[in-house]
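1. Fold the following.
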Amino acid sequence: MNLLESCVNKECRIVSINMCESLKEHLHAIGIYPDETVYIKRYGWFKSSVQIQIGHRLIALGRQQACAIEVCNI
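-> Numbering: from 1, shown residues only. Predicted structure coming up:
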């Protein structure tokens, strides 16, 4: 399942990131790695974006980025 298929107020563990290397590097720079635990805070209209929490930071991701991040519920 990807970030858009999970539910709000759930903790998830990132399993994999299915993007090109340059986009993966960008996500790594903002703290998104495989085996990282994220908390789904909210979705945009029609799930056009997702807001996640990693530690004390809130990060917003667009639909394409969120679809490329595979997660599993904890």
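
2. Identify, by residue count, the longest helix of this structure.
-> Longest helix in the chain by number of residues (criterion: DSSP state H): helix 21-29.

3. Report all helices and strands that it contacts.
-> If you count contacts as 3 or more Cβ pairs under 8 Å, 6 or more residues apart in numbering; DSSP states H and E, helix 21-29 packs onto no helix or strand. Where you see a C-beta, it was placed from the backbone N, CA and C, and this is true even at glycine.

4. contacting residues around the helix or strand bottoming out on mean pLDDT in the chain?
-> Scoring the helices and strands of the chain by mean pLDDT, DSSP states H and E places helix 21-29 at the bottom, with a mean of 91. Here helix 21-29 makes contact (Cβ atoms under 8 Å, 6 or more residues apart in numbering) with 17, 19, 33, 65, 68-69.

5. Identify each buried residue in it, please.
-> For helix 21-29, a neighbour-count test (16 or more other Cβ atoms under 10 Å) marks 24, 27 as buried.

6. do stretch 48-62 as well
-> For stretch 48-62, by 16+ other Cβ under 10 Å, it's 49-52, 54, 59, 61.

7. Do you know the pLDDT at the nearest residue to I30 once chain neighbours are set aside?
-> Leaving aside its sequence neighbours, I30 sits nearest to I59 (Cβ to Cβ, 6 or more residues apart in numbering; 5.9 Å). At I59, the model reports a pLDDT of 95.

8. One more: I74?
-> Per-residue pLDDT puts I74 at 86.

9. Please apply the same query to S6.
-> 89.

10. List the contacts of I17.
-> So I17 contacts 24, 27, 32, 34, 68-70 (Cβ under 8 Å, 6+ apart).
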